[in-house]
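> Sequence first, predicted model second:
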Amino acid sequence: MLRILVVDDEIGTRESVADLLRGHGFVVATASDGAEALACLRAQGSEAGLVLLDLEMPESDGWSFRREQLADPAIASIPVVLMSGVHNVRSVAASLGIADFVIKPIELARLLDLVRRYAPS
């Protein structure tokens, strides 16, 4: 089973999404910002299957995470689904080369559909 990395600075969102995915049989890791997420991905190597990424985080945000991810050949190909409430999420996702997005507040059925699409079990 592929590991899903949930990256969000809001602990409630991060843990709710992680619990939902675990309840559906996915192996889930969490990170509170982009720097922690990059360290986690680099440690997981080929076990990382999908990143669910918040965009706006106070320390290391989604933009900086994505720049660093794409610059690292070992983790550049791991798909990313953006979880964000920014008003122009579609254009932001496209500009960052993000696989897809879900708008906050998160519609759980859509999130599960996206996870199954990009990280099939």
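Sure thing, it's come through.
> can you tell me which residue is nearest the centre of this structure?
Nearest residue to the geometric centre of the chain (C-alpha atoms, centre = their mean): Leu52, 1.6 Å.
> Name the nearest residue to that residue, sequence neighbours excluded.
Once flanking residues are discounted, Leu52 sits nearest to Val6: 4.9 Å by C-beta to C-beta, 6 or more residues apart in numbering. For the C-beta atoms, the positions are set from N, CA and C on the backbone; glycine is no exception.
> Tell me where the chain has helices.
Applying DSSP state H to the chain gives helices spanning 11-23, 34-44, 62-71, 89-95, 108-118.
> which one of those lies closest to Val81?
helix 108-118 (5.2 Å; C-beta to C-beta).
> ok, of the helices of the chain, where does mean pLDDT dip lowest?
Of all the helices of the chain, mean pLDDT reaches its minimum on helix 89-95 (a mean of 88).
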